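Colleague: Predicted model and sequence follow; I will ask about them next.
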Amino acid sequence: MPADLPLSSDVPLDAFNTFRIPARARRYLRVTDPAQLARVAADPQLAALPRLVLGGGSNLLIAHDEVDALVLHMGLAGKDIVGETPDAILVRARAGENWHGFVEWTLAQGLGGLENMALIPGTVGASPIQNIGAYGAEVKDCFHALTVFDFATGTTRTMDAAACRFGYRDSVFKHAEGRALVVLDVTFALPRAWTPNLRYAELAQAVQGIAAPTPRQVADAVIAIRRRKLPDPAEIGNAGSFFKNPVVSRDHCATLLATWPDLVHHAQPDGSEKLAAGWLIDRCGWKGKHLGRAGVYPKQALVLVNNGGATGAEIMALARAIQDDVEARFGVRLEPEPVLV
Ligand code: EPU
C-alpha cells in the first residue's frame, strides 16, 4: 500500500453525513490533492476496493453500520475567476469547496447566476452529480465544464454539459457509465447580462417590493424561504428532499385530479406531469409523524429527519412506509433522491 497516502481504517462517519447516521468506513482517505487518486488507482489492492466518493454528505443515506468501501472524502480546496467568454465570466471551484460558501463568493465578486441555489447544503463537487436545483434554477443552467479523474483509465479529463447528461436531479455520474469518475473541479459560466430568475412564485413574491432586485437581494430572499421551510442539518439530521418529484402520464394525472382537485402538478415539455411529492406525502397524513427515531419534517413533508440517534435502517423503514402509502393511494412509487449506501 502506498506509504505516502494518509489512509485510515474504521473511521466514524457521523460528522460527515448530514443525516448523522453513526456508520464507520472500513478504509478512509481525505483527498487534498488529485495526485492521491492516481496513486490509489495505481495500487492494485486499493483500486480493487469498492469506492464511495464523499462530499458534504448531504445527499446520502448510509443504511448500514459499516461502509465496506474505500471512502474518498473530497477536500480539494480553491476557487477563482478563470476566464471569460463574450457573454459570461468563468469561475472555477475545486470539488471540496462548500457550495453555499462558493455561491456567497460569486456574489461578493458581483456575479449573479447561482443566487437561486443559495444555502443548498453540500460541496461544489457534488453539485453536478444530482444536478442540484432550487427555486427554478439548476446547476446545468450555469454549467460550463468540469474535470474528472477516471479510475477506469487512471487519467484526468474535461467534460462538457452534453457529456454530463444532466436531467432532473440526475447526471451520467449517477449511472453505471459514470461510476469510475470522480469530479475534481467545476467551472461555471456566470452571465454578464444578469436578469433575476423569478419563475418560482414564492420567490417572485418575496422580492415584489424591490424595483430592480440584485443577485444579492434574490439570494437573501432564497435564504429566508429556505430557513422558513427546511431544517438546518446542523440542528436536525436530514438530507434535504428525500424523494424526487415523480413524473406521471397526463392520463394518470387527470384521474388523480378527478378525486383530488388540489393536487399540485406541473406539465412537462413532453406532455407528462410532474407531481409534488411533498403534497402526496402530506395528503397521506405523514407530515410531522415519525416511525421510531425517524420522522417527517413538520414544515415540509418531502424532508425526512433524524430525530436523534436514528440508524440508516430506521430512516429506510420510514421511507418504505411512505412509499407504500403513496403508492396505494396515488398509484405512483416515489423514488429516493439521496444516494443510498
Ligand atoms: N407541499 C405540500 N405539503 C408539503 C410540502 C409541499 O402540500 O408538506 C406542496 C407545496 O405547497 C407546493 C408543492 O408541494 O405546492 C411543492 O413544494 P415546494 O415548493 O416546497 O417544493 P418541492 O417540490 O417540495 C423542490 C425541490 C427542493 C427545492 C424546492 C424549491 C425536489 C425533490 N425538491 O421541492 O429541493 O428546494 O423544490 O425549488 O425537486 C432538495 O432537492 O433537497 C431540495 C430541497
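Modeller: That came through fine. Residues are numbered from 1 along each chain as shown.
Colleague: Please make it C-alpha for all contacts and neighbour counts, starting now.
Modeller: Fine.
Colleague: Tell me where the chain has helices.
Modeller: Counting by DSSP state H, the chain has helices at residues 34-42, 44-47, 99-108, 139-142, 161-164, 201-206, 215-229, 250-259, 277-283, 312-330.
Colleague: so what does the longest one touch, helix or strand wise?
Modeller: Counting contacts by 3 or more CA pairs under 8 Å, 6 or more residues apart in numbering; DSSP states H and E, the secondary-structure elements packed against helix 312-330 are helix 277-283, strand 290-291, strand 294-296, strand 303-306.
Colleague: And residue 133, how far from the ligand?
Modeller: 6 Å (CA to the nearest ligand atom, to the nearest Å).
Colleague: what's the answer for residue 123, then?
Modeller: 13 Å.
Colleague: for stretch 255-267, how far is the first residue from the last?
Modeller: Start and end residues of stretch 255-267 are separated by 15 Å (CA to CA, to the nearest Å).
Colleague: on that earlier part again, export the helices of the chain to TSV and tack on mean pLDDT?
Modeller: As requested, the helices of the chain are exported to TSV (pLDDT from 0 to 100):
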stretch	mean pLDDT
helix 34-42	96
helix 44-47	94
helix 99-108	98
helix 139-142	98
helix 161-164	98
helix 201-206	96
helix 215-229	97
helix 250-259	97
helix 277-283	98
helix 312-330	97
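Colleague: Can you lay out those helices as a markdown table showing mean neighbour count and distance to the ligand?
Modeller: Shown next, in a markdown table, are these (neighbours: other CA atoms under 10 Å; distance: least, CA to the nearest ligand atom, whole Å):
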| stretch | mean neighbour count | distance to the ligand |
| --- | --- | --- |
| helix 34-42 | 18 | 28 |
| helix 44-47 | 14 | 32 |
| helix 99-108 | 19 | 13 |
| helix 139-142 | 20 | 12 |
| helix 161-164 | 14 | 19 |
| helix 201-206 | 15 | 8 |
| helix 215-229 | 18 | 7 |
| helix 250-259 | 14 | 14 |
| helix 277-283 | 21 | 4 |
| helix 312-330 | 17 | 13 |
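Colleague: Would you format the ones you listed as TSV with distance to residue 18 included?
Modeller: Shown next, in TSV, are these (distance: least, CA to CA, whole Å):
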stretch	distance to residue 18
helix 34-42	25
helix 44-47	27
helix 99-108	14
helix 139-142	21
helix 161-164	26
helix 201-206	26
helix 215-229	16
helix 250-259	34
helix 277-283	20
helix 312-330	12
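Colleague: Minimum distance to residue 53: which of the ones you listed has it?
Modeller: Nearest of the helices of the chain to residue 53, taken as CA to CA: helix 34-42 at 11.1 Å.
Colleague: tell me what that closest one is packed against?
Modeller: helix 44-47.
Colleague: again, only using 10 Å
Modeller: On a contact count with 3 or more CA pairs under 10 Å, 6 or more residues apart in numbering; DSSP states H and E, helix 34-42 meets strand 24-31, helix 44-47, strand 66-74, strand 143-150, strand 155-160, strand 181-191.
Colleague: Most tightly packed of the ones you listed?
Modeller: Of all the helices and strands packed on helix 34-42, strand 181-191 has the most neighbours on average by mean count of other CA atoms under 10 Å, namely a mean of 23.
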